[in-house]
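Peer 1: output the structure for:
(one chain, ligands or ions: 1)
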Amino acid sequence: ILDKQKMPRDFFWGNSVSSMQTEGAYDIDGKSKSVYDVRPATATSTNWHVAIDEYHRYEEDLDPMQKMHFNMYRIQISWSRVVKDGDGEFNPAGIAFYDRLINAMLARGIQPMVCLYHFDMPLKLAKEDNGFMSRKTVAAFVRYGKAMIDHFADRVKYWIVFNEHNLYFTDEAFNIAGYTKGDKSLDDLYTIFHHTMLCYAQLSAYFHTNYPDVKIGGMIAYTPVYPATSKPNDVFYARKSNEFLNENLNKLYTSGKYSTEVQTYIKNHQVNNDYQDGDEKILAQIHADFLAFSYYRSTTLNADKLSPDCAPNRYLNEGMEVNRFTPKTDWGWDIDPLGFRNIITHLYNCYHLPVFPIENGIGCREEWDGQHPIEDDQRIKYHRDHIRAMKAAMFKDGAQVLGYLGWGLIDIPSSHADVNKRYGAVYVNRTNHDLKDLKRVPKKSFYWFQKVLADNGDLI
Ligand code: BG6
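Peer 2: Now for the predicted structure:
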């Protein structure tokens with residue numbers, strides 16, 4: 001029995017990031033502009049011009065990852081770095097950067113996982129074509145994606161198309177899809193989502209047909225929605241919210257069809273999501289080798305707060321409630337390792353595909369005193385509890401899990417460009433408005449990862 005409880009030898013442990021949160025170098029070697037490059041700093045945030053300068057310091061970041069026994073690093077290719085304005089000429093210097101980065105990973109025994117889109121729409125496509133509202137952007141994205149797989153398939157075996165793909169089914173879509181014009185109607189939201197699904201379907205079919213040894217996965221931000229009470233109304237609306245936000249995507253990835261409940265809503269409410277003749281055929285080609293997700297927290301819904309005509313994918317905008325039973329992070333996010341186990345087990349039970357949590361972590365306020373390692377016990381506890389929960393899903397519930405990737409394990413600016421919210425096991429010495437020396441300094445959790453992953457996580 002003990003032997004059976006050992007972690008698989010080929011299990012992936014590692015780190016996960018996006019390009020704008022790491023690379024910097026926003027205007028060199030022929031990079032064109034993305035929507036991030038023009039966002040100004042504010043009193044509480046930085047701009048995106050430097051991030052942690054990984055473009056130049058990737059060796060400095062890969063070394064501590066190797067020392068922590070990581071064998072996977074999930075990166076994003078920046079579309080605007082490798083294709084001029086998203087639909088122009090390919091940029092050999094931009095592609096050469098990813099060649100260097102990927103080769104340096106492989107030289108350290110670190111497998112790359114590549115994500116093609118993590119919200120950084122090329123500026124021109126946002127301004128001129130309204131991002132993923134337009135089918136022109138869909139075509140440009142598919143062209144870019146195919147070229148990347150053609151170039152990197154010999155070295156990159158794990159691919160993600162959209163980061164947190166279900167966010168395109170929430171009002172976040174208007175921030176992350178390059179949407180610059182419109183009234184943010186439900187029609188527009190469902191159109192953006194539908195277009196991103198067409199991208200996923202075409203690329204997954206291309207990958208699967210041409211590179212059968214390469215794995216491609218769907219990826220969602222899995223934030224489970226709990227009912228605020230056991231009142232049937234709360235339970236019903238929480239389930240419906242989960243169906244729209246989470247399961248609709250998993251059903252699409254595994255069957256090429258929208259959830260019946262979502263389809264029925266679209267029909268009954270005459271939502272115009274630009275579903276055209278031929279789209280059914282495109283979606284039918286969908287392929288997924290694994291189901292990936294990010295997990296930070298769970299959330300809670302109070303059905304009494306919902307207005308009668310609230311669309312199900314917007315329930316959380318109106319009905320979010322504080323969960324009295326979970327501890328919170330410095331940013332008020334629920335800490336819920338059992339929710340993590342529940343998702344892993346649920347996904348495997350329902351879809352029978354390997355499950356891959358590729359983002360997990362805790363944002364904390366930390367300041368280095370210039371001498372001593374930061375004592376981030378809260379982070380150690382967070383990762384330990386979540387890894388234990390994952391192992392329970394594997395060994396007690398029978399789920400197949402490919403790996404566990406932490407988010408931002410070398411400090412990076414948070415999604416709101418606030419450097420004060422840190423996820424790293426390694427401190428990066430900068431603040432929002434002072435780049436200092438960008439020195440990398442291991443925290444206590446670095447030594448913890450190093451110790452527990454030396455035996456493949458068996459002793460956690
Ligand atoms: C994920 C995003 O939602 O969460 C990342 O993919 C983000 O880009 C991460 O950084 C953590 O969120 P935040 O807001 O704490 O940075």
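Peer 1: which residues of the stretch 301-450 of the chain lie near the ligand?
Peer 2: 359, 363, 407, 414-416, 421 (C-beta under 6 Å from any ligand atom). The C-beta positions use only the backbone N, C-alpha and C, and glycine is treated the same way.
Peer 1: make TSV from these and add neighbour count and secondary structure to it.
Peer 2: Compiled in TSV, those are given as follows (neighbours: other C-beta atoms under 10 Å; DSSP: H, G, I helix; E, B strand; the rest coil):
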residue	neighbour count	secondary structure
359	24	strand
363	22	coil
407	23	strand
414	18	coil
415	16	coil
416	11	coil
421	21	coil
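Peer 1: which two from the residues you listed end up farthest apart in space?
Peer 2: In these, two members sit farther apart than any others by C-beta to C-beta. They are 359 and 416, at 16.1 Å.
Peer 1: returning to that earlier point: return the member of the residues of the stretch 301-450 of the chain next to the ligand nearest to residue 130.
Peer 2: For these, the residue nearest residue 130 by C-beta to C-beta is residue 415; the value is 22.1 Å.
Peer 1: how about the nearest residue to the closest one once chain neighbours are set aside, what does it touch?
Peer 2: Closest residue in space to residue 415, ignoring its immediate chain neighbours: residue 21 at 7.6 Å, by C-beta to C-beta, 6 or more residues apart in numbering. Counting by C-beta atoms under 8 Å, 6 or more residues apart in numbering, residue 21 touches 51-52, 408, 412-413, 415.
Peer 1: just flag the most distant two among those residues.
Peer 2: Using C-beta to C-beta, the two most remote members of the contacts of residue 21 are 52 and 415, lying 14.5 Å apart.
Peer 1: residues in contact with stretch 395-402?
Peer 2: 4-5, 11-12, 290, 341, 344-345, 347-349, 354-357, 390, 393-394.
Peer 1: so which of these belong to strands?
Peer 2: Residues of the contacts of stretch 395-402 located in strands (DSSP state E): 12, 290, 355-357.
Peer 1: most surrounded residue in those residues?
Peer 2: Neighbour counts for the ones in strands among the contacts of stretch 395-402 peak at residue 356, which has 28 neighbours (criterion: other C-beta atoms under 10 Å).
Peer 1: and that one, how far from residue 188?
Peer 2: Computed as C-beta to C-beta, to the nearest Å, the residue 356 to residue 188 distance reads 31 Å.
Peer 1: tell me the residues on the stretch 151-300 of the chain that lie near the ligand, please.
Peer 2: Residues of the stretch 151-300 of the chain lying near the ligand by C-beta under 6 Å from any ligand atom: 163-164, 221, 294.
Peer 1: ok, so of these, who is nearest residue 247?
Peer 2: Closest approach between those and residue 247, by C-beta to C-beta: residue 221, at 13.4 Å.
Peer 1: doesn't residue 170 make contact with the closest one?
Peer 2: No: contact between residue 221 and residue 170 fails when scored by C-beta atoms under 8 Å: they sit 9.0 Å apart.
Peer 1: taking the centroid of this protein, which residue is nearest it?
Peer 2: Central residue of the chain (C-alpha atoms, centre = their mean): residue 163, 4.0 Å from the mean position.
Peer 1: show the model's pLDDT score for it.
Peer 2: Model confidence at residue 163, given as pLDDT, is 98.
Peer 1: for the residue lying closest to it once chain neighbours are set aside, give me its contacts.
Peer 2: Of all residues not flanking residue 163 in the chain, residue 118 sits nearest, at 4.1 Å (C-beta to C-beta, 6+ apart). Residue 118 makes contacts with 18-20, 76, 163, as judged by C-beta under 8 Å, 6+ apart.
Peer 1: return the subset of these lying in strands.
Peer 2: Applying DSSP E to those, the entries found in strands are residue 76.
Peer 1: got a PyMOL select line for the buried ones in the contacts of residue 118?
Peer 2: In PyMOL, this line selects whichever of the contacts of residue 118 come out buried by 16 or more other C-beta atoms under 10 Å:
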select buried, resi 18+19+20+76+163
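Peer 1: was I right to think residue 62 contacts residue 110?
Peer 2: Yes: here residue 62 lies in contact with residue 110, judged by C-beta under 8 Å, at a distance of 6.5 Å.
Peer 1: any idea how far the residue nearest to residue 429 when sequence neighbours are not counted lies from the ligand?
Peer 2: Once flanking residues are discounted, residue 429 sits nearest to residue 439: 4.3 Å by C-beta to C-beta, 6+ apart. Between residue 439 and the ligand the distance is 22 Å, computed by C-beta to the nearest ligand atom, to the nearest Å.
Peer 1: can you count the residues close to residue 439?
Peer 2: Burial of residue 439 is recorded as 14 neighbouring residues (other C-beta under 10 Å).
Peer 1: now the helices for the stretch 151-300 of the chain?
Peer 2: Here the stretch 151-300 of the chain has its helices, by DSSP state H, counting those that start in this stretch, at 173-176, 186-210, 232-242, 248-255, 260-268, 279-284.
Peer 1: who are the contact partners of residue 93?
Peer 2: When contacts are counted by C-beta under 8 Å, 6+ apart, residue 93 touches 29-30.
Peer 1: for it, which three-state class applies?
Peer 2: helix (DSSP: H, G, I helix; E, B strand; the rest coil).
Peer 1: re earlier: between the contacts of residue 21, which is closest to residue 71?
Peer 2: Relative to residue 71, the closest of the contacts of residue 21 is residue 408; by C-beta to C-beta it sits at 18.0 Å.
Peer 1: was I right to think residue 56 contacts residue 28?
Peer 2: No: counting by C-beta under 8 Å, residue 56 stays clear of residue 28, with 9.5 Å between them.
Peer 1: can you name the residue of the stretch 1-150 of the chain nearest the ligand?
Peer 2: residue 18 (5.2 Å; C-beta to the nearest ligand atom).
Peer 1: return the per-residue confidence for that residue.
Peer 2: You'll see residue 18 listed with a pLDDT of 98.
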